[in-house]
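Colleague: Predicted structure and sequence below. I'll ask about it afterward.
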2 protein chains.
Amino acid sequence: MRFSVAQLNYHIGNFTANREKIRRAIQKAREEKSDLVIFSELSLPGYPPHDLLQRDDFIEDCRKALDEVADECRGITAIAGCPVVSDSSGSRKLLNSALVLSEGKILFSAAKTVFSGHDIFDEHRYFSPGRNFRIFPFRGFRMALTVGDDIRSEQFPGSESGDTENHASPAVYELSGQHPDFIVNISAFPFSYKKTGERISAFRNKAARYGVPLINCNQTGANTELIFDGASVTINGKGDICGMLPFFEEEVRTFSSEDLFRGIHHNDHILPGQHELVYKALVCGIRDYFRKSGFSRAILGLSGGLDSAVVLCLAAEALGNDRVQALLMPSRYSSEDSVTDALTLAERLNIPYNIISIEKPFRAFEEDLAPLFAGKQPDVTEENIQARIRAILLMAVANKSGAVLLNASNKSEAAVGYGTLYGDMAGGLSVIGDVYKTDVYSLARHINRNGEIIPENIIARPPSAELRADQLDTDSLPEYSILDPILYQYIEEQKAPAAITGRGITPGIVSDVIGMVRNSEYKRFQAPPVLRISSRSFGQGRIMPLAAKY
Amino acid sequence: MRFSVAQLNYHIGNFTANREKIRRAIQKAREEKSDLVIFSELSLPGYPPHDLLQRDDFIEDCRKALDEVADECRGITAIAGCPVVSDSSGSRKLLNSALVLSEGKILFSAAKTVFSGHDIFDEHRYFSPGRNFRIFPFRGFRMALTVGDDIRSEQFPGSESGDTENHASPAVYELSGQHPDFIVNISAFPFSYKKTGERISAFRNKAARYGVPLINCNQTGANTELIFDGASVTINGKGDICGMLPFFEEEVRTFSSEDLFRGIHHNDHILPGQHELVYKALVCGIRDYFRKSGFSRAILGLSGGLDSAVVLCLAAEALGNDRVQALLMPSRYSSEDSVTDALTLAERLNIPYNIISIEKPFRAFEEDLAPLFAGKQPDVTEENIQARIRAILLMAVANKSGAVLLNASNKSEAAVGYGTLYGDMAGGLSVIGDVYKTDVYSLARHINRNGEIIPENIIARPPSAELRADQLDTDSLPEYSILDPILYQYIEEQKAPAAITGRGITPGIVSDVIGMVRNSEYKRFQAPPVLRISSRSFGQGRIMPLAAKY
């Protein structure tokens, strides 16, 4: 038996494009004499469709696409992911299903049984859990079919918290009792720089524990915030990796069941380094956001600081240097070095740029506001005006040229609210809003790994917003080497303030930092979508009450 | 037996304030010789705590507050709402519980069994469903205790889609089989102008169907977007309303069981008119957002148009005219009438105002951008610059004076993206972002019901953004009398485009409008929190994919 893993990049709701992509993969698999071609979770509509799943017309279009794909399966069998309405027991349920299609028919289906109830996942909002565990006999083999986290979960179906009453056991446990020859899992696991390795280890452990070979077909490509890393794997019954598809790229690869059962393995050198993965994830995130939104041109404010330098490099890699434009907008507080370094970078990357001083509109605002501000001292108001003038200039050039403004806020400053709403927090996409400042340095070193691209001065200069004379980030914030571990423990690990520890961390600093995080929820509420690379990014995955006190 | 319904307004996570409020209500109930005082759903932390429910320290603080409230219950029994960790069957579950407290002890608990899986509700994210239905014997009565939608639901616990396998029946059905003398339901139902009447009818039907008196204690007050309307009711076993607490206000009211069982009723004149309810809801929403965020002053751009006029009236009512400030920012395209009408309104309401022309900064931007825009025609870019200059001025005055900018976008323009991101879409709170333009007119007439406050000219003048010469909304949009019914059917009713009908509605107009809705998802992603008065508002209750095609 031969099978093909089709690791593809879907466009949500674009049934025409998704179906064509699936059709070509079926064609390729057939040419490679495959018996079975496997697509990822919710492959027909693309994952995640969010509230489109609440629309009857959308579900109807999913059903039509499913029928059409089934019709493509001539002389071959496919496994595809699609939402399916079940009307059993008199009530309407929507199931997140894996369907076995052949010769125009749906031969078999299995529905996801376990939903993650935290972070970005909201499947309880749309789906009912499946509860039937059956084996599908295929070409003399007994195949088990699961969806998403069913393959890893030790939880019980229909409950995110291990409710054991009146319930079946975890999917893989139930299925393994029926002695399958192999398990196919279809998924849309998003990238998380700490979790990707864990995920592949969990697959290996699961295969070894039950002694059953395992095939995971994962979605690749980004859909707005979520970046799906691909890295589909085939694992033998001993838990060894037989084959692994690339990270963040499409591929249709054909295997033979003999390979899988023989257990040829390559456990080493399979995972790229963390910084390389984050870099690739962000490039993929930018590229797909533009492509799937119908935009091709990006604009960016280049300050001479580290964040915008890294974002410029990522954007140039993702879109091509001819599709990225930089705007330098010095103020009376900008250092000459910042401007020089920014120019050096733009020239090295061969990125077109313009320089517009913000002095003229800044003066116009100062004059207009002088009567209202008479007798009041300059404060953060004047800093915000400057940041917002830059946003106006950037958005004006973006509007006139049909470009999208890229946001360059990092996760550390987004977390503590060290940024101006409608100013440097503006943009269509936040590229490094899930990357802590200390990790932005690592990204810069990764970019410079084969020679200096980002000028060393930019990396070495102490971070500054340059919105008043001699300003430094450390005037308002702890050193990033202290700030970032506090933020990580508070946000990703959800530790209580008293439990947050580390070098240089005192209860007073923790209390100050957490105060800043709480007081800036309202700013993040209006932030652009953030490319997610961690287990907890700002946005949909972290819903905090605003008018609260905790 | 005497019982008190304590309809209170909680501050999320502010355990000190919530506990003190509860303590005073217990005190009052005791003075009124009550045996039982009833608080609403999740009353200890306030509803909705969102992802604070994922923090162990928060859950621990809930438990402490619960112990303290139990300790207050001397000579009286209380029913309070609190998240409770259950460790039964070896796995950790969080339950949305109603707890019976007396003499320092927890005597009984019942957990919510049914979660709404749509719109703003995300309880599946945090809670496991309860599955135990028991009667609590109290002072010789058999009391049934339920939480939230359990009282109305015909669904089966643990499933939002009516999964009947291995499950109990709906809560009220199960409990009614045990012949309770009355049912206590504690809730946090948010206001929705079409649903409040339905909710009370559903209570009446339920009580009549099972022949059991029913007490519903509902939360009141607003927590950011969500406005809880109170309107707690006691209903006799025939389905007649015995008593009803006010809308949007706190009250602790004591009843005797004799009243409840005798069935004195007042079914008439209980529901205020729709426009009055919407008006009160929005005033409550503004007031609580400010109070609970620690702000007292608001600022608003006053254009001479209808939307900002209505928002100014609402803000003056909510905060007092001395805490609201208006900024008039005419441009070269502003009509003289607009300015005059805006001034008339500000003067009638005795609101302090300033006038700043945007001409000077607009010219500065035009000059700075001239080299980049050489040879290009004016377009929406120049309109956006003007709207964004106004946002800079408003935010500058807000920053300098510690005020919050109120946003005045209506739901119709928010839906079709007829607004400038970081311009007129800016603000800390969107006051009428869930009110269609045609309903903004109704609100204006409600405001003027006892005499003209909003100048008739403002109501009569054709809507215009005044961002270019002789501009009218109808240059870009259908008449609001056609637009709004299309939007309502598409957004609230989730109808397929082909199913959208009505006077003056053609397939071409529907297609254009839906295209505008889809193409502006990215703008709404960055919009301020919207006070919710409908069954589907923009924000958390409507999660749409951005880089999608549907």
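Modeller: Done, it's in. Numbers count the residues shown, from 1 in each chain, chains lettered A, B, ... in the order given.

Colleague: Wait, residue A:365 touches residue A:385, no?
Modeller: Yes. Residue A:365 lies in contact with residue A:385 (C-beta atoms under 8 Å); the separation is 5.3 Å. For glycine as for every other residue, the C-beta is placed from the backbone atoms N, C-alpha and C.

Colleague: any residues in contact with both of these two?
Modeller: B:392, B:396 (C-beta atoms under 8 Å, 6 or more residues apart in numbering or on different chains).

Colleague: Centroid-wise, who is the farthest residue in chain A?
Modeller: Distance from the centre of chain A peaks at residue A:375, with 48.4 Å (C-alpha atoms, centre = their mean).

Colleague: Tell me the secondary structure of residue A:444, please.
Modeller: With DSSP: H, G, I helix; E, B strand; the rest coil as the basis, residue A:444 sits in helix.

Colleague: What residues sit buried inside stretch A:470-483?
Modeller: For stretch A:470-483, burial by neighbour count (16 or more other C-beta atoms under 10 Å in any protein chain shown) applies to A:473, A:477-478, A:480, A:482-483.

Colleague: Between all of those residues, which two are separated the most?
Modeller: Spatially, the most separated pair among those is A:473 and A:482, at 12.2 Å (C-beta to C-beta).

Colleague: What residues does residue A:459 make contact with?
Modeller: Residue A:459 makes contact with A:306, A:441, A:444-445, A:448 under the criterion C-beta under 8 Å, 6+ apart.

Colleague: of these, closest to residue A:507?
Modeller: In terms of C-beta to C-beta, no member of those lies closer to residue A:507 than residue A:441, at 27.1 Å.

Colleague: Enumerate the residues of the stretch 451-550 of chain A near chain B.
Modeller: With C-beta under 8 Å from any C-beta of the partner chain as the criterion, the stretch 451-550 of chain A meets chain B at residues A:494, A:496-497, A:522, A:525-529, A:540, A:542-550.

Colleague: Which ones among the residues you listed lie within helices?
Modeller: In helices, defined here by DSSP state H, the members of those are A:522, A:525.

Colleague: among the residues of the stretch 451-550 of chain A next to chain B, which ones are buried?
Modeller: Using 16+ other C-beta under 10 Å, the buried members of these are A:494, A:522, A:525-529, A:540, A:542-550.

Colleague: all strands for the stretch 151-300 of chain A, in order.
Modeller: Secondary structure of the stretch 151-300 of chain A, counting by DSSP state E, counting those that start in this stretch: strands at A:182-187, A:214-218, A:220-223, A:226-229, A:233-235, A:241-244, A:251-256, A:298-301.

Colleague: Could you tell me the least trusted of the ones you listed?
Modeller: Among those, strand A:241-244 has the lowest mean pLDDT, at a mean of 91.

Colleague: so what secondary structure elements neighbour it?
Modeller: Here strand A:241-244 touches helix A:196-210, strand A:233-235, strand A:251-256, helix A:257-262, going by 3 or more C-beta pairs under 8 Å, 6 or more residues apart in numbering or on different chains; DSSP states H and E.

Colleague: and chain A, what are its domains?
Modeller: Using automatic domain parsing, the domain ranges for chain A come out as A:2-266, A:277-474, A:478-519.

Colleague: Tabulate these (CSV), appending distance to residue B:349.
Modeller: As requested, the domains of chain A are exported to CSV (distance: least, C-beta to C-beta, whole Å):
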stretch, distance to residue B:349
domain A:2-266, 39
domain A:277-474, 20
domain A:478-519, 31
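
Colleague: Give me the buried stretch members for the lengthiest helix in chain A, please.
Modeller: Criterion DSSP H: the longest helix present in chain A is helix A:380-401. By neighbour count on 16+ other C-beta under 10 Å, the buried set for helix A:380-401 is A:381-400.

Colleague: Then stretch A:311-329?
Modeller: In terms of neighbour count (16+ other C-beta under 10 Å), stretch A:311-329 has its buried residues at A:311-319, A:321, A:323-329.

Colleague: How about that stretch and chain B, touching?
Modeller: No. Remark: stretch A:311-329 sits outside contact range of chain B, by C-beta under 8 Å from any C-beta, the gap being at least 9.0 Å.

Colleague: and residue A:30, what is it in contact with?
Modeller: Residues in contact with residue A:30, defined by C-beta under 8 Å, 6+ apart, are A:75-76.

Colleague: quick one: it from residue B:220, how far?
Modeller: 64 Å (C-beta to C-beta, to the nearest Å).

Colleague: ok, the residue of the stretch 351-500 of chain A found nearest chain B - contacts?
Modeller: Closest residue of the stretch 351-500 of chain A to chain B, C-beta to the nearest C-beta: residue A:496 (3.6 Å). Residues counted as contacts of residue A:496 (C-beta under 8 Å, 6+ apart) are B:55-57, B:60.

Colleague: Out of those residues, give me the one that has the most neighbours.
Modeller: Within those, neighbour counts (other C-beta atoms under 10 Å in any protein chain shown) peak at residue B:55, which reaches 17 neighbours.

Colleague: Look up the closest residue to it, ignoring the ones flanking it.
Modeller: Computed as C-beta to C-beta, 6 or more residues apart in numbering or on different chains, the closest residue to residue B:55 that is not its neighbour in sequence is residue A:494, at 5.2 Å.

Colleague: Am I right that the one you found is in contact with residue B:54?
Modeller: Yes. Between residue A:494 and residue B:54 a contact is recorded at 6.2 Å, counting by C-beta under 8 Å.

Colleague: and of the helices and strands packed on strand A:241-244, who's closest to chain B?
Modeller: helix A:196-210 (19.1 Å).

Colleague: Tell me what angle the closest one forms with strand A:214-218.
Modeller: Taking axes from the mean of the first three to the mean of the last three C-alpha atoms, to 10 degrees, one finds helix A:196-210 and strand A:214-218 inclined to each other by 150 degrees.

Colleague: for helix A:196-210, which positions count as buried?
Modeller: Those would be A:196, A:199-200, A:203-204, A:206-208, A:210, for helix A:196-210 by 16+ other C-beta under 10 Å.

Colleague: just how off-centre is that helix within its chain?
Modeller: Chain-centre distance of helix A:196-210: 22 Å, with C-alpha atoms, centre = their mean, to the nearest Å.

Colleague: Likewise for stretch A:298-311?
Modeller: Between the centre of stretch A:298-311 and the centre of its chain there are 21 Å (C-alpha atoms, centre = their mean).

Colleague: If you rank every helix and strand of chain A by mean pLDDT, what lands last?
Modeller: Ranked by mean pLDDT, DSSP states H and E, the weakest helix or strand in chain A is helix A:257-262, scoring a mean of 80.

Colleague: any chance you could map the strands in the stretch 401-550 of chain A?
Modeller: Taking DSSP E, counting those that start in this stretch, the strands of the stretch 401-550 of chain A run over residues A:404-407, A:429-430.

Colleague: Out of those strands, which gets nearest to residue B:352?
Modeller: With C-beta to C-beta, the closest approach to residue B:352 among the strands of the stretch 401-550 of chain A belongs to strand A:404-407: 35.4 Å.

Colleague: Point out the other helices and strands that that closest one packs with.
Modeller: So strand A:404-407, by 3+ C-beta pairs under 8 Å, 6+ apart, packs with helix A:274-293, strand A:298-301, helix A:306-319, helix A:380-401, strand A:429-430.

Colleague: what bits of chain A have low per-residue confidence?
Modeller: Counting by pLDDT under 70, chain A has low-confidence residues at A:89-90, A:117-118, A:155-169, A:263-269.
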